[in-house]
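1. Model the structure of this input:
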Amino acid sequence: MEPIRQALETASSSNTARSTPQPLEPRHEALLLALWKRMTQLYGHKWSSQHALYDSEADEIAGCYSEDFMLWAKKTQDLSEMAWRRGMNYVEYRNQEAARQGEIDSWPPNYAEFVGMCIPAPGEHIFRAFEPPKLPNKTAQERSRVVGRQTLDSLKSLFAETAE
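-> Numbering: from 1, shown residues only. Sure thing, here's the model as predicted:
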């Protein structure tokens, strides 16, 4: 009976701890709010029904984010802006691919999936993207041929004079 009482006390103390607004680093909070907005745009009710920004109206008035929002905040706090960009691009790509393949029931990622989308695949950072080869410039090639012929003719003339 003792473990159950401790679990209940822990749960009730965590609820009272949430009665004050949770401080978040401003940039991280802005990224999370942008994520929440974009996920709502992409997934609509599928996102908003599972991931409320506030647990109640009282929490909204007090400025206390939902437990789910704070979990995402905790799990994404160490992501760089590049990682956030990669994750959001991947979420949109995944949505576009699902639509392209006729899958209309794509579901939003949970925090673990999203963090996985943000982290580069092993070895991805080792390789740099190379510029695609450019088409040859015909004018420059022709100029190079003319200069080459002139140089060759001048060299031939050097040998022609010494042979006499």
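2. Residue ranges in this protein under the pLDDT threshold?
-> 1-22, 124-129, 161-164 (pLDDT under 70).
3. for this protein, what's the longest helix?
-> Longest helix of the chain, by residue count under DSSP state H: helix 138-163.
4. So which bits of that one are buried?
-> Within helix 138-163, not a single residue qualifies as buried, counting by 16 or more other C-beta atoms under 10 Å. The C-beta positions use only the backbone N, C-alpha and C, and glycine is treated the same way.
5. Just give me how far it sits from the chain centre.
-> Chain-centre distance of helix 138-163: 55 Å, with C-alpha atoms, centre = their mean, to the nearest Å.
6. what's it packed up against?
-> Here helix 138-163 touches no other helix or strand, going by 3 or more C-beta pairs under 8 Å, 6 or more residues apart in numbering; DSSP states H and E.
7. residues contacting residue 101?
-> By C-beta atoms under 8 Å, 6 or more residues apart in numbering, no residues touch residue 101.
8. how about stretch 64-83: buried residues?
-> 64, 65, 66, 68, 69, 72, 73, 76, 79, 83.
9. May I have the secondary structure class of the second one?
-> When the structure is reduced to helix, strand and coil (DSSP: H, G, I helix; E, B strand; the rest coil), residue 65 reads as coil.
10. Isn't it up against residue 51?
-> No: assessed by C-beta atoms under 8 Å, residue 65 is found out of contact with residue 51, at 10.9 Å.
11. Setting aside sequence neighbours, what's the nearest residue to residue 107?
-> residue 46 (6.0 Å; C-beta to C-beta, 6 or more residues apart in numbering).
12. shouldn't that neighbour be in contact with residue 108?
-> Yes: if you go by C-beta under 8 Å, residue 46 and residue 108 touch, sitting 5.9 Å apart.
13. okay, these two: which has more neighbours?
-> residue 108 (19 against 15; other C-beta atoms under 10 Å).
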